[in-house]
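S.K.: Pasting a predicted model and its sequence here:
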Amino acid sequence: MVRFQRESSIAPVGPLCLDTRPWKEGSSSTDLFSYRPLWLNIVFFFFLPLHRLLLLFYHHHLLLHIILIFSFALLGENYYVSAFCPFP
């Protein structure tokens with residue numbers, strides 16, 4: 001015998017689900033993540049990874065500047081300038 005589930009218990013599939021039902025007060029945490037609004041899915045799946053990627057490159061950018069400043073302090077002005085100028 002086939003048993004049918006209620007429609008409200010079926011979670012939408014995919015990262016950009018179009019189910020925009022509002023959250024109900026007193027709902028469980030599984031309901032909170034099963035029925036996210038579309039704008040929140042866009043934040044979770046696009047902006048947060050993009051933000052982490054930017055922080056990764058920004059961290060390396062700061063690290064590069066720290067290395068260049070220490071090279072300027074230890075080896076002198078000419079070495080520091082040559083890091084920016086491709087020509088001798």
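M.R.: Cool, got the structure. Residues are numbered from 1 along each chain as shown.
S.K.: tell me what the lengthiest helix in the chain is packed against?
M.R.: When every helix of the chain is counted residue by residue (DSSP state H), the longest turns out to be helix 48-75. For helix 48-75, the packing partners by 3 or more Cβ pairs under 8 Å, 6 or more residues apart in numbering; DSSP states H and E come out as helix 77-82. Where C-beta positions appear, they are placed from N, C-alpha and C, glycine not excepted.
S.K.: returning to what we had before: now the longest helix of the chain: mean pLDDT?
M.R.: Mean pLDDT, computed over helix 48-75, is 73.
S.K.: in that helix, what counts as buried?
M.R.: Across helix 48-75, burial judged by 16 or more other Cβ atoms under 10 Å covers no residue at all.
S.K.: And stretch 37-46, by the same measure?
M.R.: Using 16+ other Cβ under 10 Å as the test for burial, stretch 37-46 gives residue 41.
S.K.: Now do that stretch: distance from first to last residue.
M.R.: Stretch 37-46 stretches 14 Å from its first residue to its last (Cα to Cα, to the nearest Å).
S.K.: Can you read off the pLDDT for residue 8?
M.R.: According to the prediction, residue 8 has pLDDT 51.
S.K.: Could you do the one 3 residues further on as well?
M.R.: pLDDT, residue 11: 54.
S.K.: Same check on the one 3 residues further on?
M.R.: Here the pLDDT value assigned to residue 14 is 53.
S.K.: cool, and the one 3 residues further on?
M.R.: Looking at residue 17, its pLDDT stands at 52.
S.K.: same question, the one 5 residues further on
M.R.: According to the per-residue confidence, residue 22 scores 55 in pLDDT.
S.K.: Three-state assignment for residue 42, please.
M.R.: Remark: residue 42 carries the secondary structure label helix [criterion: DSSP: H, G, I helix; E, B strand; the rest coil].
S.K.: And it, how far from residue 55?
M.R.: In this structure, residue 42 and residue 55 are 19 Å apart, going by Cβ to Cβ, to the nearest Å.
S.K.: cool, residue 45 as well?
M.R.: From residue 45 over to residue 55 the distance is 17 Å, taken as Cβ to Cβ.
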